[in-house]
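Sharing a model prediction with you, sequence too.
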Amino acid sequence: MTTEFHFPRAELPESIEKLRQEVRDFIAEERRNGSTPRPKNVGMFVSFDFTRKLAERGWIGMTWPKKYGGHERSTLERYAVTEELLSAGAPVRAHWIPDRQTGPLLLKFGTEAQKLKYLPGIAAGTCIFSIGLSEPNSGSDLASLRTRADKVEGGWKIHGTKLWNSNSHNAHFMITLCRTEPPGEDRHAGISQLIVDLSSPGVTVRPIINLAGEHDFNEVVLDGVFVADDQVLGKVGNGWNQVSAELAYERSGPERWLSAFRLLAELTESLGKKASASACRQLGQMFSHLLSLRQMSISIAVMLQSGSAPHLEAAIVKDLGTCFEQEMVRVARDLVHAEGVDIHGRHRLVGELLDHAQMWSVIYTVRGGAKEIMRGVIARGLGLR
Amino acid sequence: MSENTTMLIEAAGKMFADLCTRQALDAAESAFPQTMWADIEAGGFPAMLASESDGGIAAAPSDAVAVLRVAGRHSVPLPLAETMVARWLMSEASVAPIAGPLTIALGSETQRWQLKGRGRNRTLHGREDAVAWARDAKSIVVIVPKAKGVVLCMVEPSRFESEARRNIAGEPRDRIAANGIVPGAVAALDNISIDKVLCMAALFRAALSVGALGQVLDLCVKYTPERIQFGRPLSRLQAIQQQLAVLAGSVAASAAITEAAGCTVNQLDGKLMVAVARSRVADAIDTATGIAHQVHGAIGFAREYMLHFSTRRLWAWRDEYGAAVAWREFVGRTFVGTPADELWPALAAVGSNG
């Protein structure tokens, strides 16, 4: 008997290096011409200009069919581009969720008309989707959601409130998870995904300022918002299964261990070649975690490429990756003081990143599935529940 | 992994499980298990890295990693990793194979072994702490660095001044010293550095550790559903489930990076991947042994229960063939001071520098 989870050894094909270099050259040019300077913060930020440039290069919707505006490249090619953008701290917020989640979801469950309507715009970086999952009283326990859609002639009327919606204030649409039947014995039944046009009457998007003083997430109130029948995504009542598939995309990417990479990068530079043995040990420990996570992420990318849905493996990477990033912030804080990094002068950038990462890191183990939920998924995989 | 390797690993799993009973492991902490060695040697495992003409199968390091992972799972109380390294080096240097258990003596970074004099009158000088199974080896392969490569000196253990000691897992780790021994055989190896030998030995410790970590996880997953407290199995308690999920994650990460290090050890930056693996494995050892003993409660502290055979080995192996702190320092030193925008390309290239 063995209960170990296996991440098969996987390597990215040599051919990807060329694409990787193209992304690096693009970022280097952005740095040179001042459009995208070295970031002072670890969050993902919105730049429609940057999003447009990526779309022009074919780096949004990379894996989708050409007839929907995609570029028919491999999952592994997309993975490499993702790594490059995240490690550079690129401002990819605007299109990140539609590219990562909405697109694959539409491709898997959408009607032909929905695919033709939305995917080309997403790939062009002009059509922005946000996700509508959490509610004031439904976070980790998502199935307890109360937003409901009542059947009316030609469509549905939605009543409810969605909360913690990242980027909804910049978005045109929101895929809204709601009850289309009252909760019964199977609490996962009777849930559906509806595509809400955020410019519809009855939609109110209110900013929620985070503890860093930034406007990233929102409250979206839906007060009798009409959604036509042809804007139901997938099957009515199949929302829970659809959202589970969506979360596998959300959890498995390198964003789970590259969110705070800019802090590590600037810190590593600031310590200089003559850093103490103790600093090198702590830094080495962090790099070792990062490279191990990368090995696992590449393994997952290969699994996704071959068509499997490694949700358990994704939960492991998410749990390990987000905990690593929190630990990294703690190590960085000690290191700047132990090594006398001049965070108020020459290395101000390190200080700014450190403060920003300190604030953002608390959410790493919450968003996209709290670590306790991830660990519950893993425990189920071990056969303990 | 080739079909041959898969067969080899299946054979190893069955053989090691049969041989490594609790009684056998206990006994091995006071006397060398000769018959167990004979069985495992007959299975072809210790010589697997040697060429076919030297009694091996010219296996890849990644195959040895896979076999050692199985050995680690079953706490095989033998110098399997050491003999693999020794037989590989001897084969590379065209030294006639020696059957039986072997070990290696690398010295330390501050005190390497030295050969003095010329030709047949060359004599071996040096001392080393904690040489694995020195007393039980048919021959100790002492590795002396030279300007380019190493010199292998084959010396019978009885010729050293020695003190018999053991690590916390009860495995022989002897202190040996030589002040002018004439080695039995001497052979130069120009294309293998002492660093490379250390890497291979260190990689093999990681492989053994990953196996033992898997065993620790299995014991927890088997024990907690059987143990009833508060009217239900421990495994039904969320506090326990959460801990075991953390344990499983660190085991999976260690396995993934060690497997990768096994595939890249012969590349130019092979040492870096080994160092990364050793650092990650050390963290997993700290996490896993702590959680495993906590969820087992008092029984895990009892000699009669199997857990300690794995956890004591893990604590010992964590810092053998380079301590975890030394491997971490090597990784950190490799990158520290790198300009911020060059760090990612440098990290992403690790393990792909053929």
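Yep, it's here.

Mind listing residues that contact the helix or strand bottoming out on mean pLDDT in chain A?
The weakest-scoring helix or strand in chain A, judged by mean pLDDT, DSSP states H and E, is helix A:239-252 (a mean of 82). Applying Cβ atoms under 8 Å, 6 or more residues apart in numbering or on different chains, the external contacts of helix A:239-252 come out as A:100-101, A:104-105, A:108-109, A:131, A:133, A:142-143, A:177-178, A:180, A:188-189, A:191-193, A:233-234, A:297, A:300-301, A:304, A:309-311, A:313-315, A:317-318, A:368-369, A:374. C-beta coordinates here come from the backbone N, C-alpha and C atoms, glycine included.

Can you list the buried residues in that helix?
Buried residues in helix A:239-252, counted by 16 or more other Cβ atoms under 10 Å in any protein chain shown: A:239, A:240, A:242, A:243, A:245, A:246, A:247, A:248, A:249, A:250, A:251, A:252.

State the distance from the first one to chain B.
In this structure, residue A:239 and chain B are 27 Å apart, going by Cβ to the nearest Cβ, to the nearest Å.

got it, and the third one?
Note on residue A:242: its distance to chain B, by Cβ to the nearest Cβ, is 26 Å.

residue contacts, the spatially closest residue to that residue that is not a sequence neighbour?
Of all residues not flanking residue A:242 in the chain, residue A:234 sits nearest, at 5.0 Å (Cβ to Cβ, 6 or more residues apart in numbering or on different chains). Counting by Cβ under 8 Å, 6+ apart, residue A:234 touches A:108, A:109, A:110, A:192, A:193, A:242.

Selecting buried members of those residues in PyMOL, what would you type?
To isolate the buried ones among the contacts of residue A:234 in PyMOL, judged by 16+ other Cβ under 10 Å, type:
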select buried, chain A and resi 109+110+192+193+242
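
Next, the buried residues of the strand or helix carrying residue A:374.
Here residue A:374 sits within helix A:371-381, counting by DSSP states H and E. Judged by neighbour count (16+ other Cβ under 10 Å), helix A:371-381 contains these buried residues: A:371, A:372, A:373, A:374, A:375, A:376, A:377, A:378, A:379, A:381.

Show me the strands in chain A, by range?
With DSSP state E as the criterion, chain A has strands at A:129-132, A:148-152, A:155-166, A:173-179, A:191-197, A:203-209, A:215-228, A:232-233.

Repeat that for chain B.
Under DSSP E, chain B gives strands at B:102-105, B:114-116, B:123-132, B:139-145, B:150-155, B:161-163, B:173-181, B:185-189, B:228-229, B:232-233.

circling back to that earlier point, tell me what angle the least confident helix or strand of chain A forms with helix A:371-381.
Interaxial angle of helix A:239-252 relative to helix A:371-381 (axes from the mean of the first three to the mean of the last three Cα atoms, to 10 degrees): 100 degrees.

Helix A:239-252 relative to strand A:173-179, how many degrees between them?
130 degrees.

got the angle between helix A:239-252 and strand A:191-197?
Going by the same axes, to 10 degrees, helix A:239-252 makes 70 degrees with strand A:191-197.

got TSV for the buried residues of helix A:371-381, with pLDDT and distance to chain B too?
Formatted as TSV, the buried residues of helix A:371-381 follow (pLDDT from 0 to 100; distance: Cβ to the nearest Cβ, whole Å):
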residue	pLDDT	distance to chain B
A:371	96	9
A:372	97	6
A:373	95	10
A:374	96	7
A:375	97	4
A:376	97	7
A:377	95	8
A:378	96	4
A:379	97	4
A:381	95	8
